[in-house]
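J.: Any chance you can model this:
(2 chains)
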Number of protein chains: 2
Amino acid sequence: MCGIVGYTGRRVSSEVLLQGLRRLEYRGYDSAGIAIGNGDSLSVVKRPGKIKDLTEAVPDTLKGNYGIGHTRWATHGVVNEINAHPHTDVSGKIAICHNGIIENYMALKEMLISEGYSFVSETDSEVIAHLIAYNYQGDIAAAVQTSLPLLKGTYGIVCIHADEPGRIIGARNGSPLVIGVGEDEMFLASDTTAVLAYTKQAVYLEDGEIVLIDPEGFKIVDAANREIQKRIDTISWELDQIEKDGFQYYMEKEIREQPESILRAFQGRLNRDAGTAHLGGLNMGPQELINLERVSIIAAGTSYYAGLVGAYLLEGVARLPATADLSSEIRYRNPVVEKNSLHFAVSQSGETIDTLFALRELQRKGAKVLGICNVVGSTIARESDGGTYIHSGPEIAVASTKAFTSQITVFYLFTLLMARMRHMSWDQGLEFINALESVPDKVAKVLEGTEHIRSLAEKYSDAKNFLFLGRGINYPVALEGALKLKEISYIHAEGFSSAEIKHGPIALINEETPSVFIVPDDHLRDKVVSNMKEVKARDGKVIALAVEGDAEVAAIADDTIFVPKTHELFYPYVMVVPLQMFAYYMALKLGRDVDQPRNLAKSVTVE
Amino acid sequence: MCGIVGYTGRRVSSEVLLQGLRRLEYRGYDSAGIAIGNGDSLSVVKRPGKIKDLTEAVPDTLKGNYGIGHTRWATHGVVNEINAHPHTDVSGKIAICHNGIIENYMALKEMLISEGYSFVSETDSEVIAHLIAYNYQGDIAAAVQTSLPLLKGTYGIVCIHADEPGRIIGARNGSPLVIGVGEDEMFLASDTTAVLAYTKQAVYLEDGEIVLIDPEGFKIVDAANREIQKRIDTISWELDQIEKDGFQYYMEKEIREQPESILRAFQGRLNRDAGTAHLGGLNMGPQELINLERVSIIAAGTSYYAGLVGAYLLEGVARLPATADLSSEIRYRNPVVEKNSLHFAVSQSGETIDTLFALRELQRKGAKVLGICNVVGSTIARESDGGTYIHSGPEIAVASTKAFTSQITVFYLFTLLMARMRHMSWDQGLEFINALESVPDKVAKVLEGTEHIRSLAEKYSDAKNFLFLGRGINYPVALEGALKLKEISYIHAEGFSSAEIKHGPIALINEETPSVFIVPDDHLRDKVVSNMKEVKARDGKVIALAVEGDAEVAAIADDTIFVPKTHELFYPYVMVVPLQMFAYYMALKLGRDVDQPRNLAKSVTVE
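T.: Numbering: from 1, shown residues only, chains lettered A, B, ... in the order given. Below you'll find the predicted structure:
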């Protein structure tokens, strides 16, 4: 979603900002812009479209060494140059970039218009620039401080004033902001990837904090203007991790990293001697764990589907009643938080606003919420009561792949821990460990067979609709496979429990609507085969994901992708990877921008 | 799904059977056939397609007065004349019709082939005819009795033998079968509507029971051949209720019945003096009700969406933690049944096999399961531990409409009862009652405005994809609106929480993919309006369902359907009805067979 970067120091700031914005491209955007301090005025350049369009529009003469930049994902107002950020006040001296949504912008706009301010854009954000101008009395930090209490909604803001060169003010409420600490130069960004090329020293802002940076350093205050001392963290990612590494798209790179990323998610967390798992960050003692009676998982998008796998495992294997809910829904549902319950908030970025807000609402009701995040130091990781990092490394492609398999790995580990504390024997635990440890090799084997998947994607690339069908623990995998196809190929694919299609969706089946069936050799196989026959009896084309050697399924299906035989519980790994590759090749064939699909953003930071 | 009818008496049986099959058309089918006893042989006529095609193929000379008929919904083998039922043995003396799936048919087929039997169809069902022939030693009832233990799977079977004129054998395991008791004539059917024109006296078979009928009467035995005495029930429906009553399609008739059917669902169940509801069939005392700690709802298709509304109400209003699950999934998930929990099985027909099997599995685990059914005497109604009929009257159209609004009405009533036993005050209960009692008039008002909905359906009839978006209690309504459109117009429509589209589905949005937004004036309205703006910013067309007077929403949306202002909790009623009509008009415009959409069956009686 929208991205922010700010720079002050000795370099040509436009170069730093454009480089930072390129690093933020992966988050999803539709326009971009920069504002550069230039003597006692500001120069603003904005463009709809890609960063390269913006780069071409920036004149070489723009040498100022402080400024702010922004990638916009449209919420209020269409995609055009005027609606792009930065926004300026009437004098052109103040420029701001804003992530989030100002919910009371209409009321503020009317107030400011009545005071004589004129607006040029359709955005909610422009009101911030005018409001700061309205409150400006020679000190930009004070003007921001005075303006913030009037804003209702969420924001990450950066602001500069032409009369105070070298200074950037940042403030956050709900949208992330991080300070990059350099030598005689300072950065502000919505995301550490924007500054990783310059510094690995970072300070994460909390909601309600306001920061002033200049080349010499930073100062953080709270809403009452009391200074706050904060620790400087070291960013654990390396610059080369956010490079494409020879691949055409980040997405393929990340899919192919999965044998290693899955390994990293369980490495050091299994104890063969004890036949169990240990997860360091839970912050829960054995008595608290044994007393658990219920697990509730909250998440959105792909993380939600990982949560559905987790709920299936926890209830089915650990016999701990478990549900997964959309965080956007649970937040406003006034949920009942029960005693001896545990909540997990799952988010790759750790910044997903629906999940963050749900986490806070659940905490207000007394819930214990653990985070399952990828980005170290992210807001959800910080605000949760404990949790586990998935250690996937940076995920840059908008369509999440390796994060999914790592998120479910954490649930496999927690399930093992819970089951072993309850009814599972040591040898059963060991069997579970063996199965989990064999996953990376099996996924690697799946990835060797991708040429066949490419040919199927090309064969079916004319289809306008797809159904993805699975049951049991592979039902969420079907949902995830459909989501991947939607996200990057824009083909309308929908996932169902294969048992459920007779209750309506089978009406969509004809020779033009293919179905992708997930057919593991588990206790549900024969039922799924019956469902395949029902689709075939209605002239539907069937692509089956079947276990090597399953000739019966291959005889029924039009096309079959074979996956290695696996422990019954562990099929989600070997089934989801072919679906990721299928979506990838389909998008390639259709000429889509795989890493930055239309309309989408990497981490959703507005409600 | 497949339908069965059998007749023995003094009439021309082909006329009775064809009339019965016409009554079963609504269940969904793709081919049909009859077998008539004719002297000492059987005459079989079968056709793919509609009953009228079959009727035209039946010669006038076919005067025999016993026989069996079938409508087939293909599971194993394509739709053609050979695969249609009845199936006969090699001699042509034995004919059977079968509903359900024989899971071990391949093994039985191989055994019978090795014994010299030759097969002609691709179906699983044909094996039954040969197996009975294999076991036949002059007594068809005995041959059926001997054959049944060899069948693995589900079945409702009827069988005749040319050498035993006037006799029909029926047997059930998982698929419904009912005896229609006439004077000097007897009937067997999968559904009472097939015999309602002749008799209102019915005996419902249970699993494991075998029946022999002849014109004089019926005899029911169990698997050990012990005779079973059963009560004769009176069918409560009237023949005119299953007529179209001047409407072009049952679906429109049933949509327009909702002011009355909703009223019937709550009439006599509200107590204004006490400010609460009473539901007679729960079979639970006050102590049991007050001790409840959890509600789990199981259902499929539209009933599942009604269950999601129910879960929202029970948790949100009665503060009783509640979930809704797909019955096909919960059955195989090895669910944890908790103490002080209550389960509801929701099924219009009371025969939905996924829900029936889930009910049985939950009961085995000690669960108390109440049924919410429409069809009196249906299997789920009989096997549940209590429950509530929704009293919608017969629902004939495949796409469920009035059953949905009646099912949610039962959940409103149960929520009121639970909330009043807990924290809800008398006056709050009265407010709830007032809101519920005002629903029929509001729905009637919505139904007055359907010409505008028709014009919108026509305007958008070129769209190949739709998104349906709602939040909170109206999120299941969005799912249901999308399902209706899928079912009868074959347009790929998908429902989402409007907050969730940014996590992937918004990639589908362009000027060709309209979104239908449900925008009540509740606490989520402003969030939904923001989501609408995000779609508009990406050139998506928006149809809004908004509350009368909401000019802001109308200004943003391309088209608006206004609904009457309603108590915040009761919007599902006034929001779902326009979506039903929208789907109906869309299907009309596209020339679909509204009441019998392709591939679908009214009640899903195979897994």
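
J.: Would you map out the domains in chain A?
T.: A:3-235, A:260-437, A:447-593 (automatic domain parsing).

J.: Take those and lay them out in a markdown table including mean pLDDT, mean neighbour count and distance to chain B.
T.: For every residue, glycine as well, the C-beta is placed using N, CA and C. Compiled in a markdown table, these are given as follows (pLDDT from 0 to 100; neighbours: other CB atoms under 10 Å in any protein chain shown; distance: least, CB to the nearest CB, whole Å):
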| stretch | mean pLDDT | mean neighbour count | distance to chain B |
| --- | --- | --- | --- |
| domain A:3-235 | 95 | 21 | 4 |
| domain A:260-437 | 96 | 22 | 3 |
| domain A:447-593 | 96 | 22 | 3 |
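
J.: closest to residue B:474 out of those?
T.: Smallest distance to residue B:474 across those (CB to CB): 10.9 Å, for domain A:260-437.

J.: what about residue A:135, distance to residue A:539?
T.: Residue A:135 sits 68 Å away from residue A:539, going by CB to CB, to the nearest Å.

J.: How about residue A:32?
T.: For residue A:32 relative to residue A:539 (CB to CB), the value is 48 Å.

J.: what ranges do the strands span in the stretch 401-550 of chain A?
T.: In the stretch 401-550 of chain A, the segments counted as strands under DSSP state E, counting those that start in this stretch are A:465-470, A:492-497, A:515-519, A:542-547.

J.: Spatially nearest residue to residue A:375, not counting backbone neighbours?
T.: Spatial nearest neighbour of residue A:375, excluding adjacent residues (CB to CB, 6 or more residues apart in numbering or on different chains): residue A:350 at 4.6 Å.

J.: who touches that neighbour in this structure?
T.: A:371, A:373, A:374, A:375, A:377, A:378, A:379, A:380, A:381 (CB atoms under 8 Å, 6 or more residues apart in numbering or on different chains).

J.: Quick one: classify it as helix, strand or coil.
T.: Put simply, residue A:350 is coil when judged by DSSP: H, G, I helix; E, B strand; the rest coil.

J.: Kindly report the same for residue A:394.
T.: With three-state DSSP as the basis, residue A:394 sits in coil.

J.: Same check on residue A:218?
T.: Using three-state DSSP, the structure places residue A:218 in strand.

J.: So it is in contact with residue A:186, correct?
T.: Yes. With contact defined as CB atoms under 8 Å, residue A:218 counts as touching residue A:186 (5.9 Å).

J.: Now the common contact residues for the two.
T.: Residues within reach of residue A:218 and of residue A:186 at once, by CB under 8 Å, 6+ apart, are residue A:179.

J.: As JSON lines, the strands of the stretch 401-550 of chain A with distance to residue A:436 would be great.
T.: Converted to JSON lines, these look like this (distance: least, CB to CB, whole Å):
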{"stretch": "strand A:465-470", "distance to residue A:436": "20"}
{"stretch": "strand A:492-497", "distance to residue A:436": "25"}
{"stretch": "strand A:515-519", "distance to residue A:436": "20"}
{"stretch": "strand A:542-547", "distance to residue A:436": "18"}
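
J.: of all those strands, which lies closest to residue B:194?
T.: Closest approach to residue B:194 among the strands of the stretch 401-550 of chain A (CB to CB): strand A:492-497, 30.6 Å.

J.: Paired strands for the closest one, with orientation please.
T.: Here strand A:492-497 has these sheet partners by DSSP bridges: strand A:465-470 (parallel).

J.: just how off-centre is stretch A:259-273 within its chain?
T.: 23 Å (CA atoms, centre = their mean, to the nearest Å).

J.: before we move on, what about stretch A:222-236?
T.: Distance of stretch A:222-236 from the chain centroid (CA atoms, centre = their mean) equals 25 Å.

J.: Please apply the same query to stretch A:502-509.
T.: 32 Å.

J.: In PDB, list the C-alpha atoms belonging to that stretch.
T.: Provided in PDB are the C-alpha atoms of stretch A:502-509 (Å, rounded to 0.1, in the frame of the first residue of the first chain):
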ATOM      1  CA  LYS A 502     -23.300 -29.500  -5.500                       C
ATOM      2  CA  HIS A 503     -24.900 -26.900  -3.300                       C
ATOM      3  CA  GLY A 504     -24.600 -24.200  -6.000                       C
ATOM      4  CA  PRO A 505     -21.300 -23.600  -7.700                       C
ATOM      5  CA  ILE A 506     -21.500 -26.600 -10.000                       C
ATOM      6  CA  ALA A 507     -24.000 -24.500 -12.000                       C
ATOM      7  CA  LEU A 508     -20.900 -22.700 -13.300                       C
ATOM      8  CA  ILE A 509     -19.400 -25.900 -14.800                       C
END
